[in-house]
Structure formats: structure tokens, C-alpha cells
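Asker: Structure of the sequence below:
(one chain, ligands or ions: 3)
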Amino acid sequence: MKKQDYQDTEFSEILKSRYSRRSFLLSSALLGISGLFNRKLIGFELNEKNPNFPFDGIPSNIKDAVTLPSGYDFEVLLSWGDPLWSKFPQFDQRNSGTSYSQKGAFGDNNDGMECFSIENNRCLMVVNNEYTNSHILHQGRETKTAENHDDHQKSKYAHGVSIFEIKRKESLWELVQDSKFNRRITVDTPMLVEGALKFDRRLNFREDAGKHIVLGTISNCGSGKTPWGTFLTCEEGFKGYFSTNQKNYTPDDVLKRYGVTRDGYGYKWHDFEERFDLSKDENDLNNFGYVVEIDPFSPSSKPVKRSALGRFNHENAELVLSKEGKVVVYMGDDGHGEFLYKYVSNNLYRSGKDSSDLLNEGQLYVAKFHPDGKGEWILLNPDSTGMKNPNDILLFTRIAGTAAGGTTMDRPEWVAADPKSSSVYCCLTNNRKRTKEETNGPNPRGKNKYGQIIKWEPFDFDHAATKFRWDIFVLAGNPKVHHDERGGSKNITVENMFACPDGLRFDKEGNMWIQTDGNYTNTGDFKGMGNNQMLMADTKTGQISRFLVGPKECEITGLTWSPDKNTMFVGIQHPGRDGNSNFPDGIGNTPRSSIIAVSRKEKS
Ligand code: FEO
Ligand code: CA
Ligand code: CA
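Answerer: Ligands and ions are numbered 1, 2, ... in the order given. Here you go, the predicted structure:
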């Protein structure tokens, strides 16, 4: 039998020995769906205080503030509109600035971010700016939308990626204005396409210095980092930036599958530039939906769209190495009933050697979860998909995933791999569209409002393996309101409950950090759950404890650490989205997405 062939007995034995303290993986798989909802059968014992938690969990709240456990403190590192260069003006609290000020400033709605070390007290931050809230961006306009070309340009520049140097001065981190590394990447930035779609004329290429390029990146959601020192930005909700005034416009079935509608998100970029107009043949829709690689240490370098990693609503890109040294990238497609994917490079990563083709030449797989706790990665190729042109698999990956038999998931958000083991976790944030009849193993609840985190263990602990075992790590829920499956799994209590897990990261100690993007009304099904939050999970015991509560109407997303790991940078996205926050500047000021720097208080 070949090494990667599935050997049930052997694998089960390995799992038993690794998980003997709780056997939760085997138990829930073998209990079946009905057993899964029995809060007495699934989950973890919570009676003992976990000595691995460095803090006491805090209660939920609805304050317009960041709340942390005692012993921890935060400062605001940077907020939307703060200038990265000294020649640009400070953020204008009355009208949110102009295209000029925004072009030189930190973008809006910060999301995935990574810290690249220069030295212990200096590093480069690379941060996604996912979207904007028009009524805040255009607060100075009567219509609260773009009313002229300058407003449109401002809207574009508030999106994209921000790169900036920070340094620690005494105990505080601060921006280094005018650093040679500071850079804004937007939907106007020329980029290269690599992989098979490099020559596919269904993308809208421009010629630039003898090379064909595409313009820009948008809807930059989660992130990833390569071992060769580059940043991966993931284009998620790109479809919403394409729209048209043409009344009889109807998207075809493939476009519908990608969520394209006549009105998009309502940004109306098509009013100002034809490339965003769906009714024009030369629209740029096929230019987006990729993982894009950026070298933060080379400010003049062109970002590269890595088409080999497929095209869908890319959430984040969790890059790990297989036992042999292949590059493996786990990726979620954040759409109702969409899939989980994995890319495996053909060649091996070798430190210091040429890595330029590792994200171009490889295989793309879709995940299939069997109800008995087993799973497999199905290779997407012409045989498995029936798509004769291999480029179609990369351009219309969702169609390929369906044809190959992938398991429909409850909106896969961030994937995170445990650095201390080979286990991998993914937040499935919610799925109001799944009916009870359509439930499946890792997605066991219809009309799923709360979401869950699943885990899988690759066969032979090798990320390149095509077989795995899976289980549910936690079913989020509200045990204060519900006493059925909506109350969540046993490791959810009224003290630690949360809704809609989204961001997910491991720290170097192997603690798992969960960030939420849930309903923040604190009423009805969400009564007592408070504002969005960040929690820490001990994956060995399943215990979860709340570490941070964000200000009103925000999402918590984006997490990285300083080079010495003593500071945790956390993203506060869209505080006051519904008009009820003044974070971080206080009463009377415009709410602004921000990065905060969290650290332990100095002992006096
Ligand atoms: Fe940008 Fe699915 O979150
Ligand atoms: Ca997200
Ligand atoms: Ca989300």
C-alpha cells in the first residue's frame, strides 16, 4: 500500500493515541449527526480552570470601547485616513478627506495583516483595506455617495493594501512616516498575472513596458505569509464592485454563481469608469478573485496574481509546508454553500533558493467531507470536473468544485494551521441559506446563525496527503436563549458564547485566537452576546475564553504579532457601521477602522 493510501485502522490508532484525553474527533464522527447535538456527548469538560490561559476571560459588553482582561492594555497604532507620508494632511473629521489625502493615507476597513521583521523594534506592517462604508466615507455629501470624480477616486484609494514601517519607541509602537517602504496599493496599481491564466485573453490585459498587466486589486480580505518573506492578499467580494445602469442586464449562470448582480454593492464605480461596467465587453471582472503576492521590501515591485490558486471569494491563504517541503496553501471560499480548497506545489521549498514558481506550478484540490469523519481532497482536473480546458478550472473554480463533488460549506472564512501539530482549523461563519434537508457532517445545522469551527488532521500528519479525518471543534451558539443545537457544543457557555467565527490565527505557543463578525444587536437570538470580540481557545482541551470585546458595531478581524511577540496587533474594522460609535477619537468624531497594539501592562 502506498504511503498516502488511507489505512483506517492505522490512522484511527494514531488518532486515539493523540486524542486519548477526549477522543472527541472519533466520538462525534461515530455518533452521527443526532449525537452531535447532544451537549452532554460532544465537547470538553470545563470544570477546571485551564492553567494555560494567561488571562481571566472577560464578560461580553456593548460599550463603545475596547475591553481587555486585567493586566493588558492597548494603544491605537493607526486609523483609517492617517497619512503615511508627512506631506499629506491629517484625517478630516468633517468630510473624511479628499482623493488626494486618501491616496497618501492608511486605507479603510483594515482586515488581514502581517508583520515583517526588520529588527526587534522595527517592522513592516502589510494590511488589507477591504471595503468602505459610503455614508461615512462620503459623509460630507448630501447623497452620502460619490458625487463627482474626486469622490470616486477617494473611494478607490480607500481600498487596497497599505504597507508601512512601524518602530517601537520606549514601550509604544508608532508609524514611521516617509519610510522608504511605505506604499499604497490600490485598484489602479499595475500587476502581473502568473500561472496558466497569464496568457488567457478572457482577462482584460493592458500593455505596459512590453508586458501585459492587469490593473489593481480590490476587496482585500484575509492574508497569508510565505516563508520567502512575501505577503498574500486575498480578493474576496470583488463581484460587488461591478455593476451597470443598463436596466435589462442579466448575468448568465456562471456570473450568478459568482454572485454578480446588476447593482453590485452600490458603489457605482461603473458611473465613473467603464471597466467596472458589467454591460461593457471589456469589463475587468475576470481580473479579480485571486490570491495576490506582494513583496513588501521592494516598493517598486509589481504585485503578482497567482492564478494557479484558483478564482473565487478568497478569504485567506494559510501557507504551510508538507513533510517533504512542498508548499501547501489552504483556502476558504466565503460564499453560502461554497468550498474549501487546497493548493500543493509541484516543487519543494528550499530556504534561500528560487521560489518564484512555487505558487505557479501545482495542483488545486477541493475538500470532500464524508459523514463518518473521513475526508478527501479531490484533484481538480479535466477528468474530475469534465472541464476540457484546464484554464476554465482556474477561472471558474466554483463550477469545477461542484463538478468534482466538493462538500458545500457554511461560508468558509479563515483557515489556520496549528504550528505545534499538523491539525488545521477553519471558521464556518454562518449560513442562513442552508435548509435542514441540506445539512451535512461539518455543517450540521439548518438556517445556521451562529457558525462553527471545524478541524481536520491530514493523513500521516502530512499536509500534502489527499486523505484526512475531520471533526467539529466548536459549534457556536447562544445557550442563554436556546436549549437545542442552537445553544452550541459543550464548550460553549453563557460566559464565553460568541457568534459567527471569522478570523482565526495561532500564536507561537499554539493558542488559537478566534475573531468574530456576528450580529451585534445584543437582542433576540444574540441576546447577551454583546459586541464582536476575540477569544482564545486551547485546542487540547477545547476550552475557550473571551480576551477582547470591540467597540460598537465593529468586526474584529486581522491579527499579527511584533517580531519579539510581546505586542499583539488586532484589527478593529468598521466601528459605528450603523452610526453609533466614535471609536477611537471620542465623542463628536468620525468612527474609524483602526489597528490596536495590545500588550501586557508593565509591572511597576
Ligand atoms: Fe472578508 Fe469573508 O470576510
Ligand atoms: Ca472575514
Ligand atoms: Ca464575515
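Asker: pretty sure residue 584 contacts residue 80?
Answerer: No. If you go by CB atoms under 8 Å, residue 584 and residue 80 don't touch, sitting 10.1 Å apart. All C-beta spots, glycine's among them, are computed from the backbone N, C-alpha and C.
Asker: got the contact list for the residue in the stretch 151-300 of the chain that ligand 3 sits nearest to?
Answerer: The nearest approach of the stretch 151-300 of the chain to ligand 3 comes at residue 221, 8.6 Å away (CB to the ion). By CB atoms under 8 Å, 6 or more residues apart in numbering, residue 221 lies in contact with 111, 112, 128, 130, 234, 235, 236, 237, 314, 315, 316, 334.
Asker: and what of residue 268?
Answerer: Residue 268 touches 145, 146, 243, counting by CB under 8 Å, 6+ apart.
Asker: Going by neighbour count, which of those comes out on top?
Answerer: If you count neighbours using other CB atoms under 10 Å, the busiest of those is residue 243, which has 25 neighbours.
Asker: With adjacent residues omitted, what lies nearest to it?
Answerer: Of all residues not flanking residue 243 in the chain, residue 264 sits nearest, at 3.5 Å (CB to CB, 6 or more residues apart in numbering).
Asker: again, but for residue 322
Answerer: With CB to CB, 6+ apart, the residue lying closest to residue 322 is residue 464, at 3.5 Å.
Asker: any idea how far ligand 3 is from the residue nearest to residue 82 when sequence neighbours are not counted?
Answerer: Leaving out its chain neighbours, the residue that sits closest to residue 82 by CB to CB, 6+ apart is residue 106, at 4.9 Å. Here the criterion is CB to the ion, to the nearest Å. By it, residue 106 lies 21 Å from ligand 3.
Asker: what's the answer for residue 309, then?
Answerer: Look at residue 309 and ligand 3: by CB to the ion, they are 20 Å apart.
Asker: dump the residue contacts of the residue nearest to that residue when sequence neighbours are not counted.
Answerer: Once flanking residues are discounted, residue 309 sits nearest to residue 291: 4.5 Å by CB to CB, 6+ apart. Contact analysis of residue 291 by CB under 8 Å, 6+ apart lists 224, 232-235, 305-306, 309, 314, 317, 329, 331, 359.
Asker: give me that answer again for 10 Å
Answerer: 222-224, 232-235, 304-311, 314, 316-317, 319, 329, 331, 343, 359 (CB atoms under 10 Å, 6 or more residues apart in numbering).
Asker: swap in residue 534?
Answerer: Contacts of residue 534 by CB under 10 Å, 6+ apart are 66, 68, 498, 503, 505, 513-516, 546-550, 556-557, 559, 568, 570-571, 598.
Asker: just to revisit the earlier point, mind checking which of the contacts of residue 221 are in strands?
Answerer: Per DSSP state E, strands hold the following members of those: 111, 112, 128, 234, 235, 314, 315, 316.
Asker: For these, give me CSV that also has distance to residue 487, pLDDT and neighbour count.
Answerer: Converted to CSV, the ones in strands among the contacts of residue 221 look like this (distance: CB to CB, whole Å; pLDDT from 0 to 100; neighbours: other CB atoms under 10 Å):
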residue, distance to residue 487, pLDDT, neighbour count
111, 30, 99, 29
112, 31, 99, 31
128, 34, 99, 32
234, 33, 99, 30
235, 36, 99, 24
314, 33, 99, 31
315, 27, 99, 31
316, 29, 99, 33
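Asker: from memory residue 118 sits against residue 229, does it?
Answerer: No. Assessed by CB atoms under 10 Å, residue 118 is found out of contact with residue 229, at 11.2 Å.
Asker: Which of these two has more residues huddled nearby?
Answerer: Comparing residue 118 with residue 229 by other CB under 10 Å, the one with more neighbours is residue 118, at 17 against 13.
Asker: about what we covered before: what about the residue nearest to residue 82, how many residues nearby?
Answerer: Neighbour count of residue 106, defined by other CB under 10 Å: 28.
Asker: returning to that earlier point: ramachandran angles for the residue nearest to residue 243?
Answerer: Main-chain dihedrals, residue 264, degrees, to the nearest 10: phi 50, psi -140.
Asker: Same check on residue 99?
Answerer: Dihedral angles (degrees, to the nearest 10) for residue 99: phi -60, psi -40.
Asker: dump the residue contacts of it.
Answerer: 148, 149, 150, 151, 152, 153, 154, 155, 156, 157, 158.
Asker: before we move on, what SS does residue 541 have?
Answerer: coil (DSSP: H, G, I helix; E, B strand; the rest coil).
Asker: didn't it look like it was pressed against residue 490?
Answerer: No. With contact defined as CB under 10 Å, residue 541 does not count as touching residue 490 (11.6 Å).
Asker: In terms of neighbours, single out the busier of those two.
Answerer: Neighbour count, other CB under 10 Å: between residue 541 and residue 490, residue 490 has more, with 20 against 17.
Asker: quick one on the thing from earlier: got the phi/psi numbers for the residue of the stretch 151-300 of the chain closest to ligand 3?
Answerer: Dihedral angles (degrees, to the nearest 10) for residue 221: phi -100, psi -100.
Asker: Just want the residue of the stretch 351-500 of the chain that's nearest ligand 1.
Answerer: Taking CB to the nearest ligand atom, ligand 1 has its nearest neighbour within the stretch 351-500 of the chain at residue 413, 4.9 Å off.
Asker: And that residue, which helix or strand is it part of?
Answerer: Applying DSSP states H and E as the criterion places residue 413 in strand 412-417.
Asker: Keeping just the C-alphas, turn that strand into CSV.
Answerer: Below are the C-alpha coordinates for strand 412-417, written out as CSV (Å, rounded to 0.1, in the frame of the first residue of the first chain):
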residue,chain,number,x,y,z
PRO,A,412,-15.6,29.2,4.9
GLU,A,413,-13.7,32.1,6.4
TRP,A,414,-10.2,31.9,7.8
VAL,A,415,-8.2,28.7,7.8
ALA,A,416,-5.4,28.3,10.4
ALA,A,417,-2.9,25.6,10.9
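Asker: roughly how far is it from the heart of the chain?
Answerer: In terms of CA atoms, centre = their mean, to the nearest Å, the centre of strand 412-417 is found 7 Å from the chain centre.
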